[in-house]
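J.: Using only what follows, build the 3D model:
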Amino acid sequence: MREAVIFDTHAYVKKLKAVGFTEEQSEVQTEALSELIEEGLATKRDLRELDVALQTNIKELEVALRTDI
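T.: Numbers count the residues shown, from 1 in each chain. I've put the predicted structure just below:
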């Protein structure tokens, strides 16, 4: 199960507008960043699960290699 990443889009739009972005620029930037976060951001949990799977694969390969030798 994938962890949810909290991204406050409203606060981000407000921050962008505060430094001079227009409403439209702020919304487009926020939407693009939100999509990137949802589609491609790996969480710490994702990385831990990948590490466990990788370590398991390495152990299985070591056993198979020792058997073949």
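J.: centroid residue for this structure?
T.: L41 (1.6 Å; C-alpha atoms, centre = their mean).
J.: give me every residue that touches that residue.
T.: V5 (C-beta atoms under 8 Å, 6 or more residues apart in numbering). Glycine gets a C-beta too; all of them are placed from N, C-alpha and C.
J.: mind running it again at 10 Å?
T.: 5, 7 (C-beta atoms under 10 Å, 6 or more residues apart in numbering).
J.: Torsion angles phi and psi at it?
T.: phi -90, psi 120 (degrees, to the nearest 10).
J.: again, but for I6
T.: When read as degrees, to the nearest 10, the backbone of I6 gives phi -80, psi 120.
J.: where does the protein dip in pLDDT?
T.: Applying pLDDT under 70 to the chain picks out residues 1-3.
J.: so where do the helices sit in it?
T.: Secondary structure of the chain, counting by DSSP state H: helices at 9-18, 23-40, 44-68.
J.: now A18: how far from D68?
T.: 64 Å (C-beta to C-beta, to the nearest Å).
J.: between those two, which one's more packed in?
T.: Using other C-beta atoms under 10 Å as the criterion, A18 and D68 rank with A18 on top: 9 against 6.
J.: Using PDB, write out every CA atom in stretch 32-50.
T.: Coordinates of each C-alpha in stretch 32-50 appear next as PDB, following Å, rounded to 0.1, in the frame of the first residue of the first chain:
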ATOM      1  CA  ALA A  32       2.100  20.400 -12.500                       C
ATOM      2  CA  LEU A  33       3.900  19.800  -9.200                       C
ATOM      3  CA  SER A  34       0.900  17.900  -7.700                       C
ATOM      4  CA  GLU A  35       1.000  15.500 -10.700                       C
ATOM      5  CA  LEU A  36       4.700  14.900 -10.300                       C
ATOM      6  CA  ILE A  37       4.300  14.200  -6.700                       C
ATOM      7  CA  GLU A  38       1.400  11.700  -7.300                       C
ATOM      8  CA  GLU A  39       2.900  10.000 -10.200                       C
ATOM      9  CA  GLY A  40       6.600   9.700  -9.500                       C
ATOM     10  CA  LEU A  41       7.600  10.500  -6.000                       C
ATOM     11  CA  ALA A  42       9.000   7.600  -4.000                       C
ATOM     12  CA  THR A  43       8.300   7.700  -0.300                       C
ATOM     13  CA  LYS A  44      10.600   6.300   2.400                       C
ATOM     14  CA  ARG A  45       8.300   3.400   2.700                       C
ATOM     15  CA  ASP A  46       8.600   2.700  -1.100                       C
ATOM     16  CA  LEU A  47      12.300   2.700  -0.700                       C
ATOM     17  CA  ARG A  48      12.300   0.400   2.300                       C
ATOM     18  CA  GLU A  49      10.100  -2.100   0.500                       C
ATOM     19  CA  LEU A  50      12.400  -2.000  -2.500                       C
END
